Each structure stands twice: as structure tokens, then as C-alpha cells.
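K.L.:
After the sequence you'll find the predicted model.
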Amino acid sequence: MVGDPKGDAIKRAMAAQQMGDDTAAENACRETLEINPKHPVMRHNLSALLARRGETLVALEFLDALVEDEPGYTSAHFNRGGVLISLGRTEDAIQAFRNVTLLDPNHIDAHRALGFQWLALGNRDRSLDHFARTYDLRRGEGRIGVAEKSLRSTSSEKLQHDADLFRCLPLSTRAGQRFETLARLYEQVAAGLRVGVVELSEEQLETLGSDYNTSIHSVDTPEILGGALNPDIDATAVEASWKASEAGVVTIDNLLTERGLALLQKFLQQSTIWHDFTHIGGFVATYLEDGLASPLVLQIADEFRAALPGLLGPHPLTQAWAFKALSSGRSIDIHADDAAISLNFWVTPDGANRNPHKGGLVVYCSPPPSDWSIVDYDSDRARIRTFLAENGSSAITVPYRENRGVLFESRLFHGTDRPDFSSGYANHRINVTMLFGNCG
């Protein structure tokens, strides 16, 4: 019986890709294309392998030809956008991602990418449009199931946090006792849960209601006329300190204006955007595409980048998040960020911090090897501790201060410095992180 050479090559390519063997996958893709030069999937897969290897121009040639032959191939348009980003062709990348959304209006990754690319061009309004669409696809009425797990699971800490948030809202907002009722229902379900993250029963889901872990209430945060970033920040001194610092760590006090800080604090305290409760135990988190994006937050990122053109000019914002500790001593362990430069800043008032000499950030000055690849928070911790134990490291400790920012190279390992905060909803330690550029 004669076999099917093309079919065998395709199977080998798929198997090699699943195993992470790029060389075998590429060989099998090329073998398929020798038999059928127009095979769309193998052309697409080969372009992805070439892009991953750094041959972006060759990958772009493959994708240009592919979308011309197969104009309805959504994934090809999307990956073409990614290649164009790596080549610095932001406007062309935007058009590629727009082509994706024309073919598939619910393509969440394309809307997310458009949010970041419009921000890179300084168009915050268009950026917000696409982040809003991303958020709606995650948690709105037309959601497509991307966040389904977080809508059907919970933890007692998450529910208690949300109940406390409801009671933190101004009385005018809680008219009709809706939020007090929700708080009691959340506490009722929380009382019956075991420790850790649990799958909710149908009865528990019915008790919590269809709005659970969605955007129930959000504080309006318009852009601040005159700026949200403190105009007295000495950009020249910051950039000079960065260059003078072997480790690439600079502390910036009074980062935001008084009005900017107050509005950001209100947004983070009174908005139901804290949807992630599984990334780090004992914390809730929010990300740009999952509730954090707002006119004020994007204004802060944009103004900070504009204030430091020599340092951040080549590095657009690639992600931002906020983490909130749900108990006084919870800390974020040592990790690295997948970016070029990180800005970490704190917004909880100093009065919540019971030890003003601690509670901030420890940044380890020994850089990891250039080929170190970030996996995730849990997987990286053991490797990082082994690396620091074997290589030794001096560390820079920055004490906690409200409205203090720490600017550092993202690849440097860092973590929370032994926090000790008072109990109570208003005293939760909140840190905001903005990532600029890509690692490498």
C-alpha cells in the first residue's frame, strides 16, 4: 500500500511542533511545501517558525504571499501583524490587526493588540476603544468564554474582598441596598467554602448572581487636564541616575500629582476590576485587558514615557497590572518581568504601613544569563533562588512609600520586602506595574 507523503509530512510537522522541536517541524513543513507549495497551513506554520528564529523578513515574505492567496485566513493576518511589530512597522501592524477584526469581530487577541499599538502611537482614545472591546469579550454580555474559569470558580478571600469593596462604595452609589445585599450573599457563599480556589456549584452560582466577577461598578477616571504625572520630576536627573547605576534601579518620589493619585486610588478601591484571584495566592489582580485600562491609567503610562524620551522613547507600553494583597503580610516572591524596563509604584496611603522601613521592593543586582527564558511566576521561583544562591547577589532595598515609583531593568529579579500592613479594606497594599518594551 502506497503511503501519502504529504499527509505523513504534515503529521510529522504537527507532532514536532507539539514537542517543541522546531528543526524537525521546519523540515517537515518544507517537505510538505515541496509537494504542495500552496498548502496554507504549512506556509503559515513555517512563517511562525522563521519568525521565532529571528528571520522576520523571510517570515513576512511568506505571510505577505499567504494573505494575498488566502485573504480570509485570519491567523495569517494576525501573525503578520506580530511580525510587523517586531520590525517596528506599527502602522502596518495596525492595518494587519484591523484586517483580523474585519474577518472576525470577536478576535480578542487582535483587539488587545490594537489597544497596545494605538497606545504606542499616542492615540489613547483608539487604544481605549479596543481595550474596552477586549474587556467586553472577556466579561461583558457578549463574552466568548475566554474568562469562563474565573466566572465559575472563586475563593473565600476573593468573595470577602468583593463584599468589602461593595461596602466601601459611597452611600449614594449603594442606593436601594443592592450592594449591601450582594455583600451578604457573597459572605454567605464564602462561609461554606474550603480553603483555596474552588469550582462553584450551580446553587452557589445562582446565589452570587450572573454579575459575579464582572464589571458591576466602575469609577469614572477621565484624563486629567494639565497632566497626571508630577511635572516637577527631573527627567534629566532620572536618566542620569539610570546611566550611573550599575544595576539600573532608580527611585522616583511623588510620581503622580495629588489629583492624579487621589483619582487612581478611588478607581482601584471602588471599581470591581479585581477579577484575577489565581495568579498569586492571597492576591487579587487586574490587567489592562481585564478592567485596568482607563483614560487615567493610559495617560499616566503615556506621560511617563514622554517624560523620559532618552530611556523609554524606544519602548512602548507592553502591559500594565495592579496587585492587591488581601492580608497584611502577603508578599510577591522573587520574579522577573518579561519586558525591557519596569515601573513599579505604590498607591496605598503610608498610614497603612506598620513598618515604614519595609514593605517596598527588593531588586537583586545580579542579572540572569541572556538566554534565561521567563516561564511563569510559580515555575521561575525555584530556578531564581538557585541562581542567586550560586552566583551571589547584592540587592537594593527600596522602602514602601505612597506615590513612590521604582524604575528598573525588567530582567532583574525582584520581590516584595516583608510587608506589614494594617487590616481593613482601605489598608490593602496595592502596587501598580507598567512594563515598557520587550526583553532582549
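P.N.:
Noted; the coordinates are in hand.

K.L.:
you'd agree residue 38 is in a helix?
P.N.:
No. According to DSSP: H, G, I helix; E, B strand; the rest coil, residue 38 belongs to no helix; its state is coil.

K.L.:
in this structure, what secondary structure element scores lowest on mean pLDDT?
P.N.:
Among the helical and strand segments of the chain, the one scoring lowest on mean pLDDT, DSSP states H and E is helix 5-19, with a mean of 62.

K.L.:
Residue 99 and residue 136: what is the separation?
P.N.:
When distances are taken as CB to CB, to the nearest Å, residue 99 and residue 136 turn out to be 21 Å apart. (C-beta placed from N, C-alpha, C; glycine too.)

K.L.:
after the least confident helix or strand of the chain comes which helix or strand?
P.N.:
helix 22-35 (DSSP states H and E).

K.L.:
Pull out the buried positions in that next one.
P.N.:
Of the residues in helix 22-35, those buried under the neighbour-count criterion (16 or more other CB atoms under 10 Å) are 25, 26, 28, 29, 31, 32, 33.

K.L.:
Flag whichever of those residues scores worst on pLDDT.
P.N.:
Between the buried residues of helix 22-35, the one the model trusts least by pLDDT is residue 25, at 71.

K.L.:
I'd guessed it sits against residue 50; true?
P.N.:
No. The criterion here is CB atoms under 8 Å, and residue 25 misses it with residue 50 at 11.1 Å.

K.L.:
Show me which of the buried residues of helix 22-35 is closest to residue 162.
P.N.:
Out of the buried residues of helix 22-35, the one with the shortest distance to residue 162 is residue 25. That distance is 44.9 Å, counting by CB to CB.

K.L.:
follow-up on the earlier one: tell me which of residue 99 and residue 136 has more neighbours.
P.N.:
More neighbours sit around residue 99 than around the other of residue 99 and residue 136, counting by other CB atoms under 10 Å; the figures are 20 against 17.

K.L.:
Spatially nearest residue to the more buried one (excluding sequence neighbours)?
P.N.:
Once its chain neighbours are removed from consideration, residue 99 has its nearest residue in residue 77; the separation is 4.5 Å (CB to CB, 6 or more residues apart in numbering).

K.L.:
and that neighbour, what helix or strand is that in?
P.N.:
For residue 77, the element it lies in under DSSP H and E is helix 74-86.

K.L.:
CA atoms only: put stretch 339-356 into CSV for me.
P.N.:
Provided in CSV are the C-alpha atoms of stretch 339-356 (Å, rounded to 0.1, in the frame of the first residue of the first chain):
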residue,chain,number,x,y,z
ALA,A,339,9.9,43.4,29.3
ALA,A,340,12.8,45.9,28.9
ILE,A,341,12.0,48.4,31.7
SER,A,342,9.6,48.1,34.6
LEU,A,343,7.9,50.9,36.6
ASN,A,344,6.5,49.7,39.9
PHE,A,345,4.7,52.2,42.1
TRP,A,346,2.5,52.2,45.2
VAL,A,347,-0.8,53.9,45.9
THR,A,348,-1.9,52.8,49.4
PRO,A,349,-1.5,55.6,52.0
ASP,A,350,1.6,55.4,54.2
GLY,A,351,-0.6,55.2,57.3
ALA,A,352,-1.5,51.6,56.4
ASN,A,353,2.2,50.5,56.5
ARG,A,354,3.1,49.5,60.1
ASN,A,355,6.8,49.3,59.3
PRO,A,356,8.0,52.3,57.2
